[in-house]
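# quick one: sequence plus predicted model below, questions after.
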2 protein chains.
Amino acid sequence: MPRDGTITRTTIMDSAQSLILGQGFSATSVDKVIEQAGITKGAFFHHFKTKADLALALVERYANLDQAHLDMNLVRAEELARDPLQQMLIFIGLLKEEMAGLTEPFPGCLYASFCYEAQLFDDNTHTVIQNMMLEWRRRLSSKFVDIIDLYPPKLDIAPESLADMALVIYEGAFILSKTLKEPVTTAEQLGHYRNYVELLFETPAE
Amino acid sequence: MPRDGTITRTTIMDSAQSLILGQGFSATSVDKVIEQAGITKGAFFHHFKTKADLALALVERYANLDQAHLDMNLVRAEELARDPLQQMLIFIGLLKEEMAGLTEPFPGCLYASFCYEAQLFDDNTHTVIQNMMLEWRRRLSSKFVDIIDLYPPKLDIAPESLADMALVIYEGAFILSKTLKEPVTTAEQLGHYRNYVELLFETPAE
DNA sequence: TTAAACATACCGACTAGTTGGTTTGTTTAA
DNA sequence: TTAAACAAACCAACTAGTCGGTATGTTTAA
């Protein structure tokens, strides 16, 4: 077996990601990454053709984890209930519980980090992020379409924008949580999202 | 009095801010700023002792505008209604209408931009941002306390986290809007926030 | 079995250009 | 005349990326 470079590659990516979430991509120099990773420039540019290539690899890995995370929680919710509204409420509850136990703010989202340095990245990198945001929209709005069918909502709402709200809450809560150093914010805000869905579709007591 | 440098200073800050919202603070070199502003390095470092000094000046100006914006819309809402719930719904409606007419995504929020490059800035800069976030929380949660007094909410909620939701929606919606290049997102999401408040406190039909 | 040929992983000095910041001097208006 | 407002040349440190070389394996053919 050849020397396994996947460990080195993973170490580089882990180091880079934690640096990027703290100081942004631009300020995360290759020198800082290799120092953090404990390797050399030769090793870095063996694994990544350019620094932009690292950025792409990072968002691809992040999006893959995000996809798996989305799939897993949707499947779990669908296993725990048959009714689409119950599934959605359970799904949001699962997301909330993940964030509820944090003792320090979530380190942040790579999508948001790259969003405010967007002009530094190429189209491939942007597309990966856009597609993953659209995937959240597709998956959740499809569920909301089923819900609207069964439970006439109290207000006229578009399922896509209701689906978007999940990511909106995540991204916004991360920013407040990081800035104010309050770990509970994200779980609290996901709780409001769940409340909103509940109130929108609940059948009035008769 | 010698030449009036306030125009130059403003031009520098405007150029810097638009560059920062597109590519982040770190990638926004002083050279790029002075090129965009059409001035020289001498002028730049006459007005700002360091690049970090520019960052502080930018967030201070941004926070002052934010404060005025918050004040103005709260006053307008209080002029248009006496009931605190109606005031809050009008207030959110005013924010929504500001965003509803955009033909391209809002350029973004300086708080969020700095949040993901946080380690580059000093405590003064952070404090300005934190104080403005806490100001939003104070002002809106005070209103929500009044609302809760008058309209027993359907669910048990903390007024602070309900107040935080305004900024959360803003910051999150900006990120989706910028990434997906969809200008309507922010107004849509503020609409959901208004819906949520409405549903939480509405008096059930009898 | 063995050794030559090859492939991958990695090292670290080097380069051309950029970075924030300084220095020295000039222009402008009161 | 004076002091703020600006210009332009300059600097040391840092930037991403290159390149020749080495170390450690795998494959192939006799």
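Good, I have the coordinates. Source: prediction; values computed, not measured. Numbering: from 1, shown residues only, chains lettered A, B, ... in the order given.
# what's the longest helix in chain A?
In chain A, assigned by DSSP state H, the helix with the most residues is helix A:51-80.
# near DNA strand C at all, it?
No: between helix A:51-80 and DNA strand C, judged by C-beta under 7 Å from any atom of the strand, nothing touches; the nearest distance is 13.4 Å. All C-beta atoms are positioned from the backbone trio N, CA, C, and that covers glycine.
# domain parsing of chain A, as residue ranges.
A:1-48, A:50-201 (automatic domain parsing).
# out of those, which comes closest to residue B:175?
Closest of the domains of chain A to residue B:175 is domain A:50-201, at 4.5 Å (criterion: C-beta to C-beta).
# got a list of what the residue nearest to residue A:85 when sequence neighbours are not counted touches?
In space, residue A:85 comes closest to residue A:147 once its chain neighbours are excluded; the distance is 4.9 Å by C-beta to C-beta, 6 or more residues apart in numbering or on different chains. The neighbourhood of residue A:147, defined by C-beta atoms under 8 Å, 6 or more residues apart in numbering or on different chains, consists of A:84, A:85, A:88, A:201.
# if you set the cut-off to 10 Å instead, what comes out?
Residue A:147 makes contact with A:83-89, A:153, A:159, A:162, A:197, A:200-201, according to C-beta atoms under 10 Å, 6 or more residues apart in numbering or on different chains.
# check which residues of the strand or helix carrying it are buried.
Take DSSP states H and E as the rule and residue A:147 turns out to sit in helix A:123-150. With burial defined by 16 or more other C-beta atoms under 10 Å in any protein chain shown, the residues of helix A:123-150 counted as buried are A:125-126, A:128-129, A:132-133, A:136-137, A:139-141, A:143-144, A:146-148.
# from the residues you listed, which is closest to residue B:10?
Taking C-beta to C-beta as the measure, residue B:10 sits nearest to residue A:126 out of the buried residues of helix A:123-150, at 31.9 Å.
# from the chain's centroid, how far away is the helix or strand that contains residue A:85?
In the assignment (DSSP H and E), residue A:85 maps to helix A:84-100. For helix A:84-100, the distance between its averaged C-alpha position and the chain's averaged C-alpha position is 15 Å (C-alpha atoms, centre = their mean, to the nearest Å).
# average pLDDT across the helix or strand just after it?
Later in the chain than helix A:84-100, the nearest helix or strand by DSSP H and E is helix A:110-115. Regarding helix A:110-115, the rounded mean pLDDT is 98.
# what packs against helix A:110-115?
helix A:5-27, helix A:51-80, helix A:123-150, helix A:159-180, helix B:6-27, helix B:110-115, helix B:159-180 (3 or more C-beta pairs under 10 Å, 6 or more residues apart in numbering or on different chains; DSSP states H and E).
# does residue A:141 really touch residue A:164, like I thought?
Yes: with contacts defined as C-beta atoms under 10 Å, residue A:141 counts as touching residue A:164 at a distance of 8.2 Å.
# quick check: neighbours shared by those two?
Common contacts of residue A:141 and residue A:164 (C-beta under 10 Å, 6+ apart): residue A:158.
# in chain A, which residue sits closest to DNA strand C?
Of all residues in chain A, residue A:42 sits closest to DNA strand C, at 1.7 Å by C-beta to the nearest atom of the strand.
# do whichever strand or helix holds that residue and DNA strand D meet at all?
Here residue A:42, judged by DSSP H and E, is contained in helix A:41-47. Yes: using C-beta under 7 Å from any atom of the strand, helix A:41-47 reaches DNA strand D at A:41, A:42, A:45.
# ok, now which ones touch the closest residue to residue A:167 other than its chain neighbours?
Take residue A:167 and drop its neighbours on the chain: the residue closest to it by C-beta to C-beta, 6+ apart is residue A:136, 5.4 Å away. By C-beta under 10 Å, 6+ apart, the residues touching residue A:136 are A:66, A:67, A:70, A:163, A:164, A:166, A:167, A:170, B:176.
# could those be laid out in TSV, adding distance to residue A:30 and neighbour count?
Converted to TSV, the contacts of residue A:136 look like this (distance: C-beta to C-beta, whole Å; neighbours: other C-beta atoms under 10 Å in any protein chain shown):
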residue	distance to residue A:30	neighbour count
A:66	26	20
A:67	28	15
A:70	32	18
A:163	38	21
A:164	36	27
A:166	35	22
A:167	31	24
A:170	30	24
B:176	31	28
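# quick one on the thing from earlier: these two touch, right, the residue of chain A closest to DNA strand C and residue A:34?
Yes: Residue A:42 is in contact with residue A:34 according to C-beta under 10 Å; the separation is 9.3 Å.
# so the two - more neighbours on which side?
With other C-beta atoms under 10 Å in any protein chain shown as the criterion, residue A:42 and residue A:34 differ in neighbour count, and residue A:34 comes out ahead with 20 against 9.
# does any bit of stretch A:119-137 sit next to DNA strand C?
No: if you take C-beta under 7 Å from any atom of the strand as the test, stretch A:119-137 misses DNA strand C, and the best it gets is 11.2 Å.
# let me redo that: stretch A:4-17
Yes: part of stretch A:4-17 sits near DNA strand C under the criterion C-beta under 7 Å from any atom of the strand, namely A:4, A:5, A:7, A:8, A:9.
# tell me the least confident of those residues?
Least confident entry in the residues of stretch A:4-17 next to DNA strand C, by pLDDT: residue A:5, with 69.
# quick one: the closest residue to residue A:61 other than its chain neighbours from residue A:6, how far?
In this structure, residue A:61 finds its nearest non-sequential neighbour in residue A:13, 6.5 Å apart by C-beta to C-beta, 6+ apart. Using C-beta to C-beta, to the nearest Å, one obtains 10 Å as the distance from residue A:13 to residue A:6.
# now do the shared contacts for those two.
For the pair residue A:13 and residue A:6, residues contacting each of them under the criterion C-beta under 10 Å, 6+ apart are residue A:47.
# give me the more crowded residue out of the two.
Each of residue A:13 and residue A:6 has its neighbours counted (other C-beta under 10 Å); residue A:13 has more, 19 against 9.
# quick one, grab the pLDDT at that one.
The predicted structure lists residue A:13 with a pLDDT of 95.
# what sits against it?
Residues in contact with residue A:13 (C-beta under 10 Å, 6+ apart) are A:33, A:37, A:47, A:48, A:54, A:57, A:58, A:61, A:62.
# before we move on, what about residue A:9?
Contacts for residue A:9 (C-beta under 10 Å, 6+ apart) come out as A:37, A:39, A:43, A:44, A:46, A:47, A:48, A:54, A:57.
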